[in-house]
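Asks: Structure here, sequence nowhere to be found:
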């Protein structure tokens, strides 16, 4: 009896009979084909790869001692080499060097250990609940309460204590998990601090603060960039009532570390850590440009599915990244940020109640006057006015809060599905119902006028 109990208490580990790819993920039919391509490529280019590693080692120096000096002397060489991809065996060290996290680590000895061992977090239960959702097909994180999940818990808990204003937000686990595959717990923790607090680039903590303010700003900027660089697709998105919060939120929240092929994610992170958040915008635009001709032909349901399931060819970093780098977005992003902040600081944005006032003043009088004369036509007119208003469903001002509520409700919907996709599905469902209602009203309005 006791022996049986002991056996049942042992948590299952990864299935050793299943093969894994070179990154440690359990192989599927799709990544089997990718692995074959990579294997053949490495056979033919092994010599060139070894030469690349020697160049990188010389550039970095022992333990990163020559890095700063080399960057000052040859910034263009460093940028070019990073865009080509950091050798996998050096990736963890280089990420720490280009993010500024190595400096933070050296300046704060013993801090991480104190946060993990001696501090408590109000988010501990949430973190434990979400741990198994992070890279569930990777051997390092598969074993319940195994070393991978324990390390992930420690990093997330430590940050939730370090920055109690941010705490822990669903989605942070993918970033922490990605880093843990290339560095120690303490190194991963300080790299997250460097990103969120802005050690090198602009702070990213707004991605995870209450209300996700930076997510809403980025979605506003991305929507405008799509309209500028791909006006035909931008117009099609408007016609089909598609906006970035329905497909691009997790791009920014997880920096492409969720739902994209891992080899693409690594190449994006190489450049992202060196060049900043603009890379996420560039890669997002490149994905849309790559599939542009197909996307402009699709109706709502198929369009939304395609925006969440890009073809394998579109996620090949050797094809995707050159397209991404062709988009010059930095100056325009700065202009759009100023425009967005002006909107937030306007006379109607001083408080949540004032922010709702334009919606009430624009829609309610129309509803009142039209419904008295003709209820069907009045409802259609008012609803269309709301749809096209500056705070309607075609804008991020409407869908941003809806996506936020999706995160809150995610844990109540499907605990086996990562929250980013749940919130997106909930947003999409609401938009489907809105679209169906509009189509119904469009058919009924001519009948009412007759």
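Replies: It's in. Just so we're clear, the structure is a prediction, and the values are computed from it rather than from any experiment.
Asks: Check the secondary structure at residue 165 for me.
Replies: The three-state assignment at residue 165 reads coil, by DSSP: H, G, I helix; E, B strand; the rest coil.
Asks: Quick check: it vs residue 324, distance?
Replies: 32 Å (Cβ to Cβ, to the nearest Å). In short, each C-beta sits where N, CA and C put it, glycine included.
Asks: ok, the two, which is more surrounded?
Replies: residue 324 (24 against 8; other Cβ atoms under 10 Å).
Asks: For residue 248, which residues are in contact?
Replies: 219, 222, 284 (Cβ atoms under 8 Å, 6 or more residues apart in numbering).
Asks: Who are the packing partners of whatever helix or strand residue 280 lives in?
Replies: Using DSSP states H and E, residue 280 sits in helix 278-290. Using 3 or more Cβ pairs under 8 Å, 6 or more residues apart in numbering; DSSP states H and E, the elements in contact with helix 278-290 are helix 213-229, helix 249-254, helix 262-275, helix 317-325, helix 330-344.
Asks: isn't residue 327 right next to residue 229, touching?
Replies: Yes: taking contacts as Cβ atoms under 8 Å, residue 327 lies within contact range of residue 229: 6.4 Å.
Asks: any residues in contact with both of those two?
Replies: Common neighbours of residue 327 and residue 229 (Cβ under 8 Å, 6+ apart) are residue 285.
Asks: now the strands: where do they sit in the protein?
Replies: Using DSSP state E, the chain contains no strands.
Asks: Out of the helices and strands in it, which is least certain?
Replies: Averaged element by element with mean pLDDT, DSSP states H and E, the chain has its least confident helix or strand at helix 352-373 (a mean of 34).
Asks: how close does residue 187 sit to residue 321?
Replies: Taking Cβ to Cβ as the measure, residue 187 falls 26 Å from residue 321.
Asks: could you give the angle of the helix holding residue 280 to helix 317-325?
Replies: If you take axes from the mean of the first three to the mean of the last three Cα atoms, to 10 degrees, helix 278-290 sits at 110 degrees to helix 317-325.
Asks: what's the model's confidence in helix 278-290, averaged?
Replies: Averaging pLDDT along helix 278-290 yields 98.
Asks: ok and it relative to helix 213-229, angle-wise?
Replies: Using the same axes, to 10 degrees, helix 278-290 lies at 40 degrees relative to helix 213-229.
Asks: okay, and for the stretch 251-400 of the chain, where does confidence drop off?
Replies: Counting by pLDDT under 70, the ranges of the stretch 251-400 of the chain that qualify are 347-400.
Asks: change it to 90
Replies: Within the stretch 251-400 of the chain, the ranges that satisfy pLDDT under 90 run 259, 344-400.
Asks: so residue 90 makes contact with residue 56?
Replies: Yes: Residue 90 sits in contact with residue 56 when judged by Cβ under 8 Å, with a separation of 5.4 Å.
Asks: And the closest residue to residue 294 other than its chain neighbours, how close does it get to residue 292?
Replies: Leaving out its chain neighbours, the residue that sits closest to residue 294 by Cβ to Cβ, 6 or more residues apart in numbering is residue 306, at 6.9 Å. For residue 306, the distance to residue 292 equals 11 Å [Cβ to Cβ].
Asks: can you check residue 280 too?
Replies: 19 Å.
Asks: So which of these two has more stuff around it?
Replies: More neighbours surround residue 280 than the other of residue 280 and residue 292, with 21 against 14 (other Cβ under 10 Å).
Asks: The more buried one contacts residue 251, doesn't it?
Replies: Yes: here residue 280 lies in contact with residue 251, judged by Cβ under 8 Å, at a distance of 6.0 Å.
Asks: so what sits against both of the two?
Replies: Joint contacts of residue 280 and residue 251 (Cβ under 8 Å, 6+ apart) do not exist.
Asks: residue ranges with poor pLDDT in the stretch 51-200 of the chain?
Replies: Scanning the stretch 51-200 of the chain for pLDDT under 90 picks out 62-65, 170-171.
Asks: Let me see the ranges of the helices in it.
Replies: Shown for the stretch 51-200 of the chain, the helices assigned by DSSP state H, counting those that start in this stretch span residues 67-73, 75-84, 91-99, 101-107, 111-117, 124-130, 139-142, 147-162, 172-180, 185-197.
Asks: The last one to helix 91-99, inter-axis angle?
Replies: Right, the one you point to is helix 185-197. Using the same axes, to 10 degrees: helix 185-197 against helix 91-99 is 30 degrees.
Asks: Number the residues from 23 up from this point.
Replies: Yes, from this point I'll number from 23; that puts the last item at helix 207-219.
Asks: Residues contacting helix 207-219, please?
Replies: Contacts of helix 207-219 (Cβ under 8 Å, 6+ apart): 114, 117-118, 121-124, 126-127, 130, 134-135, 137-138, 173, 176-177, 180-181, 184-185, 188, 194, 197-198, 201-202, 205, 221-223, 225-227, 229-230.
Asks: Give me the buried entries from those.
Replies: Taking 16 or more other Cβ atoms under 10 Å as the criterion, what is buried in these is 114, 117-118, 121-124, 126-127, 134, 137-138, 173, 176-177, 180-181, 184-185, 188, 194, 197-198, 201-202, 205, 221, 223, 226-227, 229-230.
Asks: In TSV: the helices of the stretch 73-222 of the chain, plus distance to residue 43.
Replies: Shown next, in TSV, are those (distance: least, Cβ to Cβ, whole Å):
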stretch	distance to residue 43
helix 89-95	30
helix 97-106	21
helix 113-121	16
helix 123-129	27
helix 133-139	31
helix 146-152	24
helix 161-164	10
helix 169-184	16
helix 194-202	15
helix 207-219	22
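Asks: of all those helices, which lies closest to residue 293?
Replies: helix 97-106 (5.8 Å; Cβ to Cβ).
Asks: Check which helices and strands that closest one sits against.
Replies: Against helix 97-106 (3+ Cβ pairs under 8 Å, 6+ apart) you get helix 51-82, helix 284-297.
Asks: for the shortest one, which positions count as buried?
Replies: Right, helix 284-297. Buried residues in helix 284-297, defined by neighbour count with 16+ other Cβ under 10 Å: 284-297.
Asks: Which residues does stretch 127-139 contact?
Replies: Stretch 127-139 is contacted by residues 118, 176, 179-180, 183-184, 207-209, 211-212 when judged by Cβ under 8 Å, 6+ apart.
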